[in-house]
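Asker: test case, fold it:
(one chain, ligands or ions: 1)
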Amino acid sequence: MNTATKVGAFGAGVSLAFGVALGIGNAVGPVGAEPALSDHQAHGANPDPDTDTDTDTEMDQDMNHDGHTTPTAGPEAPGGLQISERGYTLAPPDEPLPAGERTDFRFRILGPDGEPLADYEKTHDKDLHLIVARRDLSGFQHVHPTLGADGAWSVPLTFANAGDHRIFADFSPAGDPDGPLTLGADVAVTGGYRPEPLPEPARTAGVDGYTVTLDGDLAAGADSELTLSVSRDGRPVTDLEPYLGAYGHLVALRSGDLAYLHVHPQGEPGDGETPAGPGITFHTRAPSEGTYRLYLDFQHNGAVRTAEFTVTAGQVAQRPTPGASAGHAH
Ligand SMILES: [Cu+2]
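Answerer: Sure, this is the predicted structure:
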């Protein structure tokens, strides 16, 4: 939390990433119970009575567990790759959906008790953000379902084309200290699937007469600043309208596995320093090298539009790893 506060305006976006990292930290925490189990199994399976090291290990893990000081090891895992995480489960419709017609799309979020989760903390004005994209990264939609009394979320949705689609539920369970998380699941849309090749990387995207230009580079494993500038008929748009508490929302999906990054802009409407266009600046971090599809939602003249870009995240100079010199011990 302190770190998120320090980084200031884009803390919200960063805290999503931290939320994921913390989720892993917690998922690792309860492992303290597992060594006891494997310890027990080891005793059953292995007649060797050398238990001293086992006991030490168990104590160490207990201390770590109590202190909650175990840092999250390994690379930061992106969101959206799991249907169940931190005890929360996304329950998508189990029937294939029709293509090309409006459906009442319904799904549930189950809490750790197995019951539909009823209480959410708003993030960016909404209890839950639903992102949809076909597996080939086409057909992007960002909608806000409503929670019914029966615990099911629903939203009218039209899947334009057949094929497996990924759905992402981006939400923050009320009272959960680990904050927001994003669960992902596939849903089938009936019909013949003709995957479209991903458009080539480009710095400009057109949508409904608007031109959006991308400045900055997406870096793998390092903070990156991206500025997306909106113009119309060759003139910069300087009266963007706030949408969900910001002048723009950016979602990035990694090609190949649709890992999900939800990033948010620097500054917010009415803070006295963030202009209403033409540029919207975002801070994010690609979890790896690779190809990503960026989807910018912005509002102007009362309508929300989405500009899409294909970008390649490159490697940046490796930062020295703390304690790396100790690696030369042998
Ligand atoms: Cu949303």
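Asker: what's the burial count for the nearest residue to Gly216 once chain neighbours are set aside?
Answerer: Leaving out its chain neighbours, the residue that sits closest to Gly216 by C-beta to C-beta, 6 or more residues apart in numbering is Leu226, at 4.2 Å. Heads up, the C-betas are built off the backbone N, CA and C, glycines and all. By the criterion of other C-beta atoms under 10 Å, Leu226 has 22 neighbours.
Asker: hang on, Ser138 packs against Ala162?
Answerer: No. Assessed by C-beta atoms under 8 Å, Ser138 is found out of contact with Ala162, at 11.6 Å.
Asker: mind pulling up the pLDDT for the residue nearest to Gly216?
Answerer: pLDDT recorded at Leu226 is 96.
Asker: of all the residues in the helix or strand in which it is found, which ones are buried?
Answerer: Leu226 is part of strand 224-232, with elements assigned from DSSP states H and E. For strand 224-232, the neighbour count (16 or more other C-beta atoms under 10 Å) marks Ser224, Leu226, Leu228, Ser229, Val230, Ser231 as buried.
Asker: packing partners for that strand?
Answerer: For strand 224-232, the elements it packs on are strand 210-215, strand 279-284, strand 290-300, judged by 3 or more C-beta pairs under 8 Å, 6 or more residues apart in numbering; DSSP states H and E.
Asker: to Pro180, which of these lies closest?
Answerer: For the helices and strands packed on strand 224-232, proximity to Pro180 was assessed by C-beta to C-beta; strand 279-284 is nearest, at 15.1 Å.
Asker: one step back: how about the helices and strands packed on strand 224-232, which one is nearest Asp170?
Answerer: Asp170 sits nearest to strand 290-300 of all the helices and strands packed on strand 224-232, at 12.9 Å, using C-beta to C-beta.
Asker: what angle do the closest one and strand 224-232 make?
Answerer: Angle between the axes of strand 290-300 and strand 224-232 is 40 degrees (criterion: axes from the mean of the first three to the mean of the last three C-alpha atoms, to 10 degrees).
Asker: quick check: angle from the next helix or strand after strand 290-300 to strand 224-232?
Answerer: As assigned by DSSP H and E, the chain's next helix or strand after strand 290-300 is strand 303-315. Using the same axes, to 10 degrees, the inter-axis angle of strand 303-315 relative to strand 224-232 is 150 degrees.
Asker: just checking: what are the partner strands of strand 303-315?
Answerer: strand 219-220 (parallel), strand 290-300 (antiparallel) (DSSP bridges).
Asker: who's in contact with it?
Answerer: 140, 142, 198-203, 205-208, 210, 212, 214, 217-221, 228, 230, 243, 255, 286, 288-299 (C-beta atoms under 8 Å, 6 or more residues apart in numbering).
Asker: which of the residues you listed count as buried?
Answerer: Here, 16+ other C-beta under 10 Å leaves 140, 142, 205, 210, 212, 214, 218-221, 228, 230, 243, 286, 288, 290-299 buried among those.
Asker: what about the protein, any weak spots by pLDDT?
Answerer: Applying pLDDT under 70 to the chain flags residues 1-76, 262, 316-330.
Asker: go again using 50 as the cut-off
Answerer: Residues of the chain meeting the criterion pLDDT under 50: 1-75, 323-330.
Asker: please enumerate the helices of it.
Answerer: Using DSSP state H, the helices of the chain run over 2-6, 11-28, 33-45, 52-67.
Asker: can I assume Tyr295 is in contact with Tyr260?
Answerer: No. Taking C-beta under 8 Å as the definition, Tyr295 is not a contact partner of Tyr260, at 10.8 Å.
Asker: overlap in contacts of those two?
Answerer: With C-beta under 8 Å, 6+ apart as the test, Tyr295 and Tyr260 both reach Val251, Ala252, Leu253.
Asker: among these, which one lies nearest to Phe171?
Answerer: Nearest to Phe171 among these, counting by C-beta to C-beta, is Val251 at 14.4 Å.
Asker: ok, that closest one - contacts?
Answerer: Applying C-beta under 8 Å, 6+ apart, the residues near Val251 are Ile131, Phe140, His142, Tyr260, Leu261, His262, Val263, Leu294, Tyr295, Asp297.
Asker: any idea what it is bridged to?
Answerer: His262, Tyr295.
Asker: strands along the stretch 101-250 of the chain, start to end?
Answerer: 102-110, 120-121, 128-134, 141-143, 146-147, 152-158, 163-173, 181-189, 204-207, 210-215, 219-220, 224-232, 235-236, 249-254 (DSSP state E, counting those that start in this stretch).
Asker: rewinding a little: need the strands paired with strand 303-315 in a markdown table (columns: distance to Ala77).
Answerer: Output for those, formatted as a markdown table (distance: least, C-beta to C-beta, whole Å):
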| stretch | distance to Ala77 |
| --- | --- |
| strand 219-220 | 14 |
| strand 290-300 | 15 |
